[in-house]
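Enquirer: fold the following, please.
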Amino acid sequence: MPPSTTTAPRLITPLLGVLLTCSGILAQEEIGSPPETVALSEESESGNQTERPVHDAQQRVLAALERVLANDGAETDRLEALLTLVASDDPLAIDVIRSTLIAELGIDDLLVRAVRESDPAPTHLIPLLEESLDDPRSGVRVLAIRSLARWSSREVTGTLIERMGRAPLLTADEQRLIALSLREMLGLPPGKGPATDAPRDWSLWWETNGALTESAWDQLLHERLRSLARDRALALDEATRTLREAYRRLYALLPEEQRSAFIAELLRAKRPGVRELGHDIATQALLNARTLGADVRAAALAGASDEDPAMRARSAALLERLGLGESEAGDIVEWLERENDGRVAASLLRLVAREPALQRARGVEPAIRWLDNGAETFEGALECTLALYYAGLLDTEQRDVLAEAGERALMQKTTALSVRVVGAVGDDALLLPLLTGGGELTIAAARALADEPAYLDALVNAARSDDRLFDIASGAMRSQGSGASSLATLLALPAPDAESKRTAAAALVASMPPHVQLEAIASATTPADRAAFLTHAGTVAFHADDDPDGCRASLTLELALARLAMREPQAALAALDALPEDRRMLPHASARTHALLWLGRLDEARALQETRGDVPASVWIDALRDAIELAHATALATQAADLYSETLNDAERIRLNALVARLAENAIQETPSPSVVDPTG
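Expert: Here you go, the predicted model:
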């Protein structure tokens, strides 16, 4: 508790008198406030400045005392001031503690805390505290006992045990306090050490242990304190487990919109176990496809200052999953620049590899530095530096460093990542043996070599015995502008399934110039294959370019004929519709007529014939054959006989009569069948 307004002046006046007397300064008769300046000579007669350090020490002690006595001072501020006093071995500070602070101001707890928390331990106060054990005031003795528990030296232990037996000066409560302090100092839980906590039993224990050598005493303390630390750790773990479970239940009860903020609070908690729980919950939420807000990302980023590398690593891993905004890029790179733990850096490097904003924010130098910092970060640094290369951020020297690192990794322990690096900036030839090795490395090597024309044959040969390489090989053939024979080569390769092969073949054909497509399509042995490979030829976009040699029109015709062969007249007609009018030659008109007749659009077919006058009778007869089972077949046969009765050759006449006879046999026509044409004319 801070001193009252009536107590403070009474206590500060004699204290300042002590200070000023000790420093050789005449005290004023009435002291209301400390002097702000003291007229000390700047130099002695010899010219040396000797008095200023004493004055400064007084001012520091005085300033600290003022803060302790401040009526409106916060407890943390007063504790900080006490720490300053306790840490000083200046005689003035010790006099302040002896004459004023001990048992005068009602700040026993704060003073004990200051003694116990001061680092290093204020051993210069031990004589004063031991002296206070004999003080007639119980409050002073209690303060001294509690403060001396800061040390576990043999001397302090002996002093406390010796004072413990001084009855009736010490009360029974004070004797019990000494016993508890001794157990705390020495790490002796109940049941260990003396048989009881009576002064006699402690004396007997001291007769045995007080004679130990210095090393034996230290060993005794270490064993006891280790045991105590284990017990405390177990108790802390149990308390943390209980707290974590309570937080888990609370999280489950929260509405969805409050959960992100709750996770952020857990991530910022002082207790490591609670922060760890925050990471567990955040990770599970992301696995469940839940969205976490910017407050969680900010809390994870604040984890950069955590003293525990394991917790920093978890914060970095969480950021790796969350991603980040453009405004946070600088903070991440600064973290990476100052980070010295490999586990943390590995996650940050992977994050830089994934985020272009980080790559632009000075991400190059840290990545290069971590390439040579051990196996723990090598993979992350390699991945990050490769991403920086693809982003165009590496200079020539840095590319060489990346290439050397990739090739070294390939020789030491080949991974898919090292294969990618060598394929990008290293010696591609090193990857050739991997094409026949099988496994994931073969796929990685194939991808790395797919853009190099010099290795196309090797890639295709490897694909002949490994259908997993089919897509990569077909993509390489397509991107490198292979000739007409490449379609036959591709069709001979094993593929995961027929549809995959057909799709790849269509893409390969579409990538060729039109005249090469016409040559390549000869490798397609079925109408379905031809139609699949030429789908692109049935689009308006395909005919947007000039067609001086008519190859584009020919490819569209091939597609239409394939569709007719597949009994898909509507699809054939759609392909022909994409062909501009000025490119429609007789073959196209014939195919169009065939499709129209098959679909029953007889008037359009007849109009086309009358316009052109050159569609042969065989087209109508073929259409009748294909539509023989349809309702309009009779009308089609009638019009064919009407149009071509005078021009049919013998073979055509025989075919037409056979189809008319079939119509009669089927009896599906609603009107009498047309007269049979005399095959002799």
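
Enquirer: SS state for residue 547?
Expert: Secondary structure, DSSP: H, G, I helix; E, B strand; the rest coil: residue 547 is coil.

Enquirer: verify the contact between it and residue 537 for me.
Expert: No. Assessed by C-beta atoms under 8 Å, residue 547 is found out of contact with residue 537, at 11.1 Å. The C-beta positions use only the backbone N, C-alpha and C, and glycine is treated the same way.

Enquirer: of these two, who's got more company?
Expert: Comparing residue 547 with residue 537 by other C-beta atoms under 10 Å, the one with more neighbours is residue 537, at 27 against 18.

Enquirer: kindly indicate whether that one is helix, strand or coil.
Expert: Classified using three-state DSSP, residue 537 is helix.

Enquirer: find the nearest non-adjacent residue to it, please.
Expert: Residue nearest to residue 537 in three dimensions, not counting chain neighbours: residue 555, with 4.1 Å by C-beta to C-beta, 6 or more residues apart in numbering.

Enquirer: which residues are contacting the strand or helix carrying that neighbour?
Expert: Per DSSP states H and E: residue 555 is located in helix 551-565. Residues from elsewhere that reach helix 551-565 (C-beta atoms under 8 Å, 6 or more residues apart in numbering): 514-515, 517-518, 521, 527-528, 530-531, 534-535, 537-538, 542-543, 545, 547, 569, 571-573, 575-576, 578-579, 583-585, 587-588, 591-592, 594-595, 598, 626.

Enquirer: over to stretch 366-385?
Expert: By C-beta under 8 Å, 6+ apart, stretch 366-385 touches 333, 336-337, 342-343, 345-350, 352-353, 363-364, 388, 394, 398, 401-402, 405-406, 409, 415, 417-418, 421.

Enquirer: centre of the chain to that stretch, how far?
Expert: Chain-centre distance of stretch 366-385: 16 Å, with C-alpha atoms, centre = their mean, to the nearest Å.

Enquirer: still on that earlier bit, skip ahead from the helix holding residue 555 and say which helix or strand is next.
Expert: helix 569-577.

Enquirer: helix or strand next in line after that next one, which one?
Expert: helix 586-598.

Enquirer: elements contacting that following helix?
Expert: With contacts taken as 3 or more C-beta pairs under 8 Å, 6 or more residues apart in numbering; DSSP states H and E, helix 586-598 sits against helix 551-565, helix 569-577, helix 602-612, helix 617-626.

Enquirer: and the helix holding residue 555 with helix 617-626, angle?
Expert: For helix 551-565 against helix 617-626, the angle by axes from the mean of the first three to the mean of the last three C-alpha atoms, to 10 degrees is 40 degrees.

Enquirer: what average pLDDT does helix 551-565 get?
Expert: The predicted model assigns helix 551-565 a mean pLDDT of 94.

Enquirer: now that helix: buried residues?
Expert: Using 16 or more other C-beta atoms under 10 Å as the test for burial, helix 551-565 gives 551-564.

Enquirer: mind putting these into TSV with distance to residue 180?
Expert: Compiled in TSV, the buried residues of helix 551-565 are given as follows (distance: C-beta to C-beta, whole Å):
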residue	distance to residue 180
551	101
552	99
553	104
554	103
555	98
556	100
557	104
558	100
559	97
560	101
561	103
562	98
563	98
564	103
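
Enquirer: give me the nearest residue to residue 617, chain neighbours excluded.
Expert: The spatially closest residue to residue 617, leaving aside those adjacent along the chain, is residue 644, at 4.0 Å (C-beta to C-beta, 6+ apart).

Enquirer: quick check: the one you found vs residue 63, distance?
Expert: 122 Å (C-beta to C-beta, to the nearest Å).

Enquirer: for these two, indicate the residue with more neighbours.
Expert: residue 644 (21 against 12).

Enquirer: go ahead and confirm the more buried one touches residue 655.
Expert: No. In this structure, residue 644 is not within contact of residue 655 by C-beta under 8 Å, at 11.3 Å.

Enquirer: could you pull out the strands for this protein?
Expert: Counting by DSSP state E, no segments of the chain form strands.

Enquirer: which residue is nearest the centroid of it?
Expert: Compute the mean C-alpha point of the chain, and by C-alpha atoms, centre = their mean the closest residue is residue 320, 1.8 Å away.

Enquirer: which residues sit in contact with that residue?
Expert: Contacts of residue 320 by C-beta under 8 Å, 6+ apart are 347-348, 350-351, 354.

Enquirer: out of those, who has the most neighbours?
Expert: Neighbour-wise, those (other C-beta under 10 Å) top out at residue 348, 31 neighbours.

Enquirer: how far away is that one from residue 175?
Expert: Plainly put, residue 348 is 57 Å away from residue 175 if you go by C-beta to C-beta.

Enquirer: equivalent analysis for residue 483, please.
Expert: Going from residue 483 to residue 175 by C-beta to C-beta gives 103 Å.

Enquirer: likewise for residue 636?
Expert: For residue 636, the distance to residue 175 - C-beta to C-beta - is 123 Å.

Enquirer: and what of residue 199?
Expert: Taken as C-beta to C-beta, the span from residue 199 to residue 175 is 6 Å.

Enquirer: let's see stretch 491-498 as PDB, backbone CA atoms only.
Expert: Taking C-alpha atoms only, stretch 491-498 is exported to PDB below (Å, rounded to 0.1, in the frame of the first residue of the first chain):
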ATOM      1  CA  LEU A 491      -0.900 -42.700 -80.400                       C
ATOM      2  CA  ALA A 492       1.600 -45.500 -79.900                       C
ATOM      3  CA  LEU A 493       2.400 -44.400 -76.300                       C
ATOM      4  CA  PRO A 494       0.700 -46.000 -73.400                       C
ATOM      5  CA  ALA A 495      -1.800 -43.600 -71.700                       C
ATOM      6  CA  PRO A 496      -3.700 -43.800 -68.400                       C
ATOM      7  CA  ASP A 497      -6.900 -44.200 -70.400                       C
ATOM      8  CA  ALA A 498      -8.300 -43.900 -73.900                       C
END
